[in-house]
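> A predicted structure for the sequence below; I have some questions about it.
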Amino acid sequence: MGSRRILLVLAHPDDESFICGGTLAKYAAEGVQITLVCATKGEMGRRVGIPPSVTRETMYKVRERELEEACKALGITDLRYMGLIDKMVEFADEKYMIEQIAEVMRELQPDVVLTFHERYGGHPDHCAIGKFCTAAYKQVNKLPHISGKQSSLYFISIGERLKLNPEKFGYMPEQITEIDISGYLDQKLKAFRAHRSQSEIERWVWMPDQQAIQKFIKREYFMQADGHAGRKKNDLFSN
């Protein structure tokens, strides 16, 4: 039996660490192969670190290096960029974007696809890449692959917003997949710290390790695109 695989399609460097880093570290430790497709290099970000460590001219290179370091901390072994401009993802050619993502899906045949919800991503770039990825997923999964393999699509959630108010997102509490990341907080902290140009977003990240780790929520939450009520899960790979 081949290795299990996750395909992660996100908008910016740091999305992978701040939102679902513990889950990625958990599955990587279990031998799951993880590919991250990042739409931009975050070159238009407002944060420059404390003290300031980047300029507008150097930001894309710095954030590229930071993402590579974060991927290493989380166990992500395959990092790809789509070459879009930060804060402009929603203006990309939709047909082209869908086909590019669909091609990656056909190549990798992932068991699980993770992306943002197209309405509830919390940022225009998040919503846009989620829309493109969801459309690509539907296109590829109209018919099972020749191998008979079909992926599951999940939307990632920022913090505990999904758990606290799932109905707002059009889901029932039973449709939430809750991942226990308590054993992978060291890796998540390393990934957070890799994004040094974002250091002012959470100043506690730079506290002593154990104090910083205590600040993390011990769960991460996902909603399955085609999930059904009454099937609450704690594993992205369970049917």
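In hand now; what should we look at?
> How about the contacts made by Ile101?
Contacts for Ile101 were tallied using C-beta atoms under 8 Å, 6 or more residues apart in numbering; they are 9, 37, 132-133, 136. Glycine gets a C-beta too; all of them are placed from N, C-alpha and C.
> Leaving aside the residues adjacent along the chain, what's closest to it?
Nearest residue to Ile101, sequence neighbours excluded (C-beta to C-beta, 6 or more residues apart in numbering): Ala136, at 3.8 Å.
> pretty sure that neighbour belongs to a helix, no?
Yes - counting by DSSP: H, G, I helix; E, B strand; the rest coil, Ala136 is located in a helix.
> Distance check, it against Glu43.
With distances taken as C-beta to C-beta, to the nearest Å, Ala136 is found 24 Å from Glu43.
> now Leu153
Leu153 sits 28 Å away from Glu43, going by C-beta to C-beta.
> that older thread, my guess is the residue nearest to Ile101 meets Lys95, correct?
No - under the criterion of C-beta atoms under 8 Å, Ala136 makes no contact with Lys95, lying 10.7 Å away.
> ok, these two, which is more surrounded?
Ala136 (24 against 10; other C-beta atoms under 10 Å).
> residue contacts, the more buried one?
By C-beta under 8 Å, 6+ apart, the contact list for Ala136 reads 97-99, 101-102, 105.
> Name the nearest residue to Val205, ignoring sequence neighbours.
Closest residue to Val205 apart from its sequence neighbours, by C-beta to C-beta, 6+ apart: Phe192 at 5.0 Å.
> where does the one you found land in three-state SS?
Assigned by three-state DSSP, the conformation of Phe192 is helix.
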